[in-house]
Structure formats: C-alpha cells, structure tokens
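Novice: one predicted model, sequence on top.
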Number of protein chains: 2
Amino acid sequence: MSVGGGRVRIYDVASRAGVSVATASKALNDTGRMTEETRLRVKTAARELGFRPNAMARGLIQRRSFTIGLLTNDSYGRFTLPVMAGISEALVDQGVSVFLCGIEDDPALGRVHLDAMLDKQVDGIIASGKRIDRKLPVDLSNLPVPVVYAFTEGHAGAVTLVSDDFQGSVEAVEHLMALGRKRIVHVTGPDSFASVKERTRAYRSAIGGEGVVLHGAWSEHWGHEAVERLWGQGEAPDGIFCGNDQIARGVVDALRERGVQVPADVSVVGFDNWEIVAGQTRPPLTSVDMNLKAIGREAGRLVLELAEGKPVEPGVRKLPCQLVIRESCGGNAAVTERRGGILVPAD
Amino acid sequence: MSVGGGRVRIYDVASRAGVSVATASKALNDTGRMTEETRLRVKTAARELGFRPNAMARGLIQRRSFTIGLLTNDSYGRFTLPVMAGISEALVDQGVSVFLCGIEDDPALGRVHLDAMLDKQVDGIIASGKRIDRKLPVDLSNLPVPVVYAFTEGHAGAVTLVSDDFQGSVEAVEHLMALGRKRIVHVTGPDSFASVKERTRAYRSAIGGEGVVLHGAWSEHWGHEAVERLWGQGEAPDGIFCGNDQIARGVVDALRERGVQVPADVSVVGFDNWEIVAGQTRPPLTSVDMNLKAIGREAGRLVLELAEGKPVEPGVRKLPCQLVIRESCGGNAAVTERRGGILVPAD
DNA sequence: TCTGCATGAGAAAACGGTTTTCTAGGAGGG
DNA sequence: CCCTCCTAGAAAACCGTTTTCTCATGCAGA
C-alpha cells in the first residue's frame, strides 16, 4: 500500500514494528540474528509502509552505488543501443542502473562525462563504440573502478568483448556454398577497418582461395557500383557476400534493376542484420547478426563481477555471430527467425 | 595532478590546508565566511590532491542526486536517441547524468526500472516513446519527483513536449507548391496515429481542399503500392508528401522503376529526416526534421527547473519542425544543411 | 575599561542507512 | 546458588559531505 511521497525512512519501519533501526535493517537484509517472528514483523511493516531504502545512504556506507556508466562515441546508436539493451537486461534484476553518456569524438566531453560518473561513484564502466579498432577519445586505463570494453578497442590488459566476425563470415560463405554457389565474391568496406580484414580473411578461408574482394565505402551506392564492375567484366558471380547490409541492399537493388533475379540467379548475404535495412530490402536480406545484445549482457555480467572483486581473466573475448536467414539466398536451408529477441531455428 | 585512486576525501584536503572539514567545504563551495587567503589555500590543496567530492554523500544531505532518469519504450532508439542527446547536452554542464531505461511495453519491467531510479533519488524523470498518442505502460502521475514527457503522451496536467507536425507539414506542402506542383497527394501511415491525423489536417489546410490521402503501413512496401494505385488511375500527381521517410523511399524507388523522374516529373517529400533512409534514397530525400534533439534539450531544461522548485506552466508545448532540403524535390529553393548538428541555411 | 558587533573558523549535528559493539536476561552446568 | 554462555535486540559508530551553531578575537564606540 501507500503510494505516499516516498519519504518513508527505515526509522518509520522500525518504530511501526516496535524495534530499533538496527534490528529493522538486519531484518530487511536477512542478516543478523533475531526471532523469525521479529523479522517477519519488520518486513510486514516495511511492506505496509511501502518502504524503499535510500540508495545514496546505503551506497555511502557500502561503497557501492549499484550504478554503472556506459560511455560511447556511437551517437547514432546503431551498435551501442543493442549493447545497452543487453547490459540493462543483465543488470536490472541486480538493481543496477546504467548511465548512458554519448561523447562523440570529443576528448573534453569525454572527460566531463567520465568525471561526472566517477563523482557519482559508479561501480564500473563499460566503453562502447562504432568500430572495434578505434579507441574512445578518453583514457580509461587508470581508473579507480573496473572497465570493460564492448565493441571498441581497449587498453592493454583490459577485458574486451567483440563479435567473432571470422566465424560469422565463414558461416555466411558456407551457407552460400551449401546452396551450390560456385563463384562467390566479397563486396565490402574500406580495408582500413579491422573488421573488413577479418571478414575478408574468413571469406578466403571458407572458399579456400584468393577469391574476388572489392573494397569501397559502407554505402548502398558502393553496392550499386560494385555490381556494375562485376557484371561488366568476365563471368558474373552467383553468390555475393557483403561487408554490411547497406552494401548488400545496394547490390540487391542494382541486380534487380539489371534484371538479375535474387535469389534465383544470385544469392546475397549481408552483415549486421540491421532490421531497417535488411528487412526492407526486396527480397529481405539474409544477414550475419553480431549478437550485440549478448555482448552487452556479457559486458554487464563481467563488469559487475569485477566490481565485486571477483577475478576476471583479461583479454579479448569473441562471441559468436548468428546467420539470420531471410530470402536473399533462396534454397531450402533451415530458416531461422527471431522469437522473443532470441534467435532460434523455426519449427 | 594525482590520478590517484580517487579515494581522496574532503578530510584530506582540509588537513593539507590546515583547516577543519567545515571550512574546507565552505571554501570549495564559495559559501561561508573566511579570508580570501584561506579559501585559496583550500582550493589549492584540493587541486593538488585531485579532490572530487563524493556525490552520494553530497546528495544525501542536499537531497539531490544530480541525476535524472529517461524512461522509454522505443527500444529501437529512432526517436529516443536524439531526445537523449538533447537532454544530455542540456544537462551535462550542470553536472547531471542520465539513466537510460528501456522498458519495452512491459509494465512490470517499467515498474522495476522506475523503482530503481526512485531508489537512487533521481531529481526528475523524462518519459519518451515512439509515438505521441500512446502512454508508457507505467503510471508516472503521482511520483515524488517531477516528470516531463517528451514525444509521448503524458498524464493530465503534466508538462509535455512534442514536435509541431502541423507547422512542419504545412512547410513541406508549401515547399512543393512553391516549386509549382499542382497535383499534390499525401501518402501516409495508419490513420489510427494522431500524427497521421495532424499531418493530414495540415496537408489539407495547405492545399486548401480535401486532396488525395492514402493510408497504409509505415513501410517502403506501402510506398510502392501507393504508386501503383496512383499511376493506375486518372491523372498522376506531380507532388507527393509522404508520412514518413520509409514510405517516401518506397515511393521514390517505385517511381524510378516506373521510369518516372524524381524530381523532374514528380517532387517527393518525406517526414522524420531519418538519415539512414533519407540520405540513401536515390535521389536523397527532402524531409521534415522533428528537431528531436531540441525537444530533448527543452525537456532537460524543464525537468531541472521543476526539480529546483521553479514553477513551470503545465500543458503541451509544440516545438517547430524544420524542412531539410535534399534532392527529391528539385527547384532552386534555398538549400539547408547540417552543420555541427544544427540545421542552418547554406551560404 | 567595558560593551557591542562583525568576522573567521572550528565543533557538532544532520542526511539515511549499515555494521559493529554492547547489554540484559534466560538457560544450562557444576 | 553462582558462574558462564548464548541470544535477541538496542546502542553507537560510521560513510563523506553540508549546514548550523558556537566561540574566540579584534576593533569601534561609549
């Protein structure tokens, strides 16, 4: 009961239950020794009064704020939001809340946000970004709280979480091969990106050769252009593994305009599984999902363990990607779908 | 100096400066009375030690946490992220940090997050969502802290901020008319949405008649289908005002496939100015920007004023939209561009 | 010389909890 | 009957600030 102004203190609970504040505290936290009857009486009183402990007072003495900070330069949120969702999911039932701080690429802004979070005694910090081979513009290497990096480059000796792009890419290419595609090419982003290198390496490993790799921008426009090039010379491919969904969408659109059937003539796979792109392409794109939410969950779990003093092995951890099948590849491979946010094989 | 573990307390500052904690506190906060020399000595000591006050201790006594909560059910972040950026921008130099809580449409989850935030003594709450005519699945009407609604429906007597869709839509349609378009139609989303009704009302007001309004899903597919219908009967339009960018993209793609030139034959305007859609369309879409970041800034400012006890007039406030010109309309109207995140006319 | 008052600075009391230490009373043993 | 041990619960200390209250001191005016 009692929606009341929230101003009920443990003192009120104690006096209603006819015990001291100390006893009330112990009763509510299931610590200390007392008759079960007393404990119950206190708990009942607390419930009736709608008592909720003041987290600041509690945190002050426990030296814990039940708060963590998420620092990111991914202002668009493409990568950070799913990570955030995962973190939140992992921490909410521990009573931990998350400060989200977008710092663009501004070191001064980063410093300001970082200081604000440290002042608030965050239990830990998770750093996230928009590419895994760039550091945030703020140094997190000597903080009084633990730091976990998720989808951004961390300092030496840190705990870092990234997706296993190699595994994901291999699955994508093998999927194409399983469908009988023989001439598979790779159209991807600028090779200055570590993820581009990794996905390219996987592509070559899967097809067992050099293959054909085209680098360009991360844009639909580049997808179009790549098709121009590929269909303007020699034997056209029958399978295209794209570095991201935007490129893939450009590729699919260009093929349609050219009269090439997708997936009948050519199978196309994207990367990122960005719903807004992959889902709206005609036909919808089969794409590699980096499971960013899982990365977030893991990051949340780990930063909390570190905050509680548990030992965590430092280093880079790769979490598996998942191929999400839509219609751009054809064939009768097992279809997967999203169910309750988790990727599962369809029945 | 002193990156040191952050464990420096005001006590340390006081003893280094040779004063009591009370004096140290007053010196640092520019309150109380003391010689300028003493004040300076304390401040110097604080700087040398790298002292940063513990926000929990400070908040406990001041009954302020310098923290606000952002509650949203917009898990995709399309609307909430820009709002969040605005809030953060408005509050960061006041030392206020923001808890971001995604609650989907789950009342229980909403309750959990809300309680967690209240326990942490947030100074205020901003509620945000993905449509302005739906409430969050959690009741915020009798909270011990102020609430501001940004881009979601609030309770009676609350402070609510939304974009002025009417004004934005009128500008869009008038833009088409200024370009000489005579047969302007409106292709939009389901008319169960308040924003659809509002934009339709504006469309009719601007053209001064009933016009042609087609309702469908918020999807590219519907944009295609609408073009089929429009070109399958009677005189084809020469201007299309779309309810969102996805529909507009579908429209533009369908027109191109049909051999209709955009913008030469038909001008198209979108709504939302969602970069990933509007910018990648061929040609890029002229679109109405709802200035969500400005809404966020205003929400941040207002919730803080309320938290400080200042009076704020309740009611719904509409903030102006801005037409962002790209290439889908043609003509030589003044071009605008984004500069540093702010929309400005190009020189 | 004494009173009055402004001034600088310290001591102590909050804030709202948790944790440690202390105490009174009952049970059990010799 | 006395001593010890155990237990439930109270009392006190503490977390790191801010704020209020108190107290010297020095100087001006009577």
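Specialist: Yes, it's here.
Novice: what does the closest residue to residue A:203 other than its chain neighbours show for phi and psi?
Specialist: Nearest residue to residue A:203, sequence neighbours excluded (Cβ to Cβ, 6 or more residues apart in numbering or on different chains): residue A:186, at 4.5 Å. All C-beta spots, glycine's among them, are computed from the backbone N, C-alpha and C. For residue A:186, the backbone dihedrals are phi -120, psi 120 (criterion: degrees, to the nearest 10).
Novice: distance of residue A:186 from DNA strand C?
Specialist: 56 Å (Cβ to the nearest atom of the strand, to the nearest Å).
Novice: count the residues that sit near that residue.
Specialist: Residue A:186 has 28 neighbours, counted by other Cβ atoms under 10 Å in any protein chain shown.
Novice: for it, give me its contacts.
Specialist: Residues in contact with residue A:186 (Cβ atoms under 8 Å, 6 or more residues apart in numbering or on different chains) are A:199, A:200, A:203, A:211, A:212, A:213, A:214, A:240, A:241, A:242, A:243.
Novice: so how far is residue A:198 from the last one?
Specialist: The one in question is residue A:243. Note on residue A:243: its distance to residue A:198, by Cβ to Cβ, to the nearest Å, is 10 Å.
Novice: again, but for the fourth one
Specialist: Between residue A:211 and residue A:198 the computed distance is 15 Å (Cβ to Cβ).
Novice: which one of these two has more residues nearby?
Specialist: Ranked by neighbour count (other Cβ under 10 Å), residue A:211 and residue A:198 place residue A:198 first, with 20 against 17.
Novice: wouldn't the more buried one be in contact with residue A:170 here?
Specialist: No. Using Cβ atoms under 8 Å, residue A:198 is not in contact with residue A:170, being 10.7 Å away.
Novice: please enumerate the strands of chain A.
Specialist: Taking DSSP state E, the strands of chain A run over residues A:67-72, A:97-102, A:124-128, A:147-150, A:159-164, A:184-188, A:212-215, A:239-242, A:267-271, A:286-289, A:315-320, A:322-324, A:336-339, A:342-345.
Novice: residues in contact with the biggest helix by length in chain A?
Specialist: Counting by DSSP state H, the longest helix found in chain A is helix A:292-307. Under the criterion Cβ under 8 Å, 6+ apart, residues A:64, A:68, A:79, A:82-91, A:94, A:96, A:123-126, A:128, A:145-151, A:159, A:161-163, A:312, A:317, A:319, A:341 lie in contact with helix A:292-307.
Novice: among those, which ones are buried?
Specialist: Among the contacts of helix A:292-307, those scoring as buried are A:64, A:68, A:79, A:82-91, A:96, A:123-126, A:128, A:145-151, A:159, A:161-163, A:317, A:319 (criterion: 16 or more other Cβ atoms under 10 Å in any protein chain shown).
Novice: which of the residues you listed are close to chain B?
Specialist: A:84, A:85, A:88, A:96 (Cβ under 8 Å from any Cβ of the partner chain).
Novice: biggest separation within those residues, which pair?
Specialist: A:85 and A:96 (14.3 Å; Cβ to Cβ).
Novice: and residue A:99, what is it in contact with?
Specialist: A:67, A:68, A:69, A:70, A:117, A:120, A:122, B:67, B:97, B:98, B:99, B:100.
Novice: so for it, what pLDDT did the model give?
Specialist: With respect to pLDDT, residue A:99 scores 98.
Novice: residue A:57 now?
Specialist: pLDDT for residue A:57: 96.
Novice: try residue A:346
Specialist: With respect to pLDDT, residue A:346 has a value of 38.
Novice: please apply the same query to residue A:32.
Specialist: On pLDDT, residue A:32 comes in at 88.
Novice: show me the helices in the stretch 101-250 of chain A, by range?
Specialist: Using DSSP state H, counting those that start in this stretch, the helices of the stretch 101-250 of chain A run over residues A:107-119, A:165-178, A:194-207, A:220-231, A:245-258.
Novice: ranking the ones you listed by mean neighbour count, which comes first?
Specialist: Among the helices of the stretch 101-250 of chain A, ranked by average contacts under mean count of other Cβ atoms under 10 Å in any protein chain shown, first place goes to helix A:245-258 (a mean of 24).
Novice: so which elements touch it?
Specialist: strand A:184-188, helix A:220-231, strand A:239-242, strand A:267-271, helix A:275-278 (3 or more Cβ pairs under 8 Å, 6 or more residues apart in numbering or on different chains; DSSP states H and E).
Novice: what bits of the stretch 201-347 of chain A have low per-residue confidence?
Specialist: A:332-347 (pLDDT under 70).
Novice: what does it put close to chain B?
Specialist: With Cβ under 8 Å from any Cβ as the criterion, the stretch 201-347 of chain A meets chain B at residues A:219, A:220, A:221, A:246, A:253, A:257, A:275, A:276, A:277, A:280.
Novice: in CSV, list those along with distance to residue B:329.
Specialist: What follows is those, written out as CSV (distance: Cβ to Cβ, whole Å):
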residue, distance to residue B:329
A:219, 22
A:220, 21
A:221, 20
A:246, 24
A:253, 22
A:257, 23
A:275, 28
A:276, 23
A:277, 24
A:280, 23
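Novice: farthest-separated two in those residues?
Specialist: Applying Cβ to Cβ across these, the maximum distance is between A:257 and A:275, 23.7 Å.
Novice: just checking, residue A:148 touches residue A:128?
Specialist: No. Residue A:148 is beyond contact range of residue A:128, at 9.5 Å (criterion: Cβ under 8 Å).
Novice: and DNA strand C, which of the contacts of residue A:99 reach it?
Specialist: By Cβ under 7 Å from any atom of the strand, no member of the contacts of residue A:99 lies near DNA strand C.
Novice: around DNA strand D, which positions in the stretch 1-150 of chain A sit nearby?
Specialist: Checking the stretch 1-150 of chain A against DNA strand D by Cβ under 7 Å from any atom of the strand, the hits are A:18-23, A:32-35, A:38, A:57, A:60-61, A:63.
Novice: the residues you listed in helices, which ones?
Specialist: Going by DSSP H, the helices hold A:21, A:22, A:23, A:38, A:57, A:60, A:61 from those.
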